[in-house]
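Trainee: Everything below, folded, please.
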Amino acid sequence: MDWWRNHAPVGAWPFDIKLLNLSNCDRFWERTIPHAGANTQKRFIATFIDYQDAVIQQIIDQREGHIRDINNYLDLRRDTSAVKPTFALIEIGLDIPDEVMSHPAIEVMISTSVDMVILNNVSSFLVEPNNI
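Mentor: Residues are numbered from 1 along each chain as shown. All right, here's what the predicted structure looks like:
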């Protein structure tokens, strides 16, 4: 799929794009499409692009020595965690309408779930002896 490769403009990648094995992404997507309705595909693509952009930003931050404050770190981490694209994959076979997924209660549940996952990751990292 071209969007895997062409989301960022030429030269925008902070590394050689050839380092990514995009053929795996293509195979994944080819196997997923027959089982995912249009709404699910749209949400997966949107959340995966957010994930991809966040990972690129994280690489840029690391290269530039930029350290984010806690709120900005958590904002970025919400997308680098890949929880949102995972939620979109859970929808496969359900084809949930946009009106349902954009309901404020659903958006709060998704946001809270993402925060629970990333905060669990941070707390797990801190209690592992090799990481302190």
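
Trainee: Might you report the residue contacts of the residue sitting nearest the centre point of the chain?
Mentor: Closest to where the C-alpha atoms of the chain average out (C-alpha atoms, centre = their mean) is Y51, at 2.9 Å. The neighbours of Y51, taking C-beta atoms under 8 Å, 6 or more residues apart in numbering as the test, are D79, T80, A82, K84, P85. Using the backbone N, CA and C atoms, a C-beta is placed for each residue, glycine as well.

Trainee: show me where the protein has helices.
Mentor: 2-6, 22-32, 38-64, 70-80, 83-90, 98-101, 104-127 (DSSP state H).

Trainee: deepest of the ones you listed, which one?
Mentor: Highest mean neighbour count of these: helix 83-90, a mean of 18 (counted as mean count of other C-beta atoms under 10 Å).

Trainee: what sits up against that one?
Mentor: Under the contact criterion C-beta under 8 Å, 6+ apart, helix 83-90 has outside partners 32, 40, 43-44, 47-48, 50-51, 78, 110, 113-114, 117-118.

Trainee: Show the average pLDDT along it.
Mentor: Mean pLDDT, helix 83-90: 92.

Trainee: tell me how far it is from the chain's mean position?
Mentor: Centre-to-centre, helix 83-90 and its host chain are 8 Å apart (C-alpha atoms, centre = their mean, to the nearest Å).

Trainee: All further residue positions should be reported with the first residue as 23.
Mentor: Done: numbering now begins at 23, and the last item shifts to helix 105-112.

Trainee: relative orientation of that helix and helix 126-149 in degrees?
Mentor: Angle, helix 105-112 to helix 126-149, by axes from the mean of the first three to the mean of the last three C-alpha atoms, to 10 degrees: 120 degrees.
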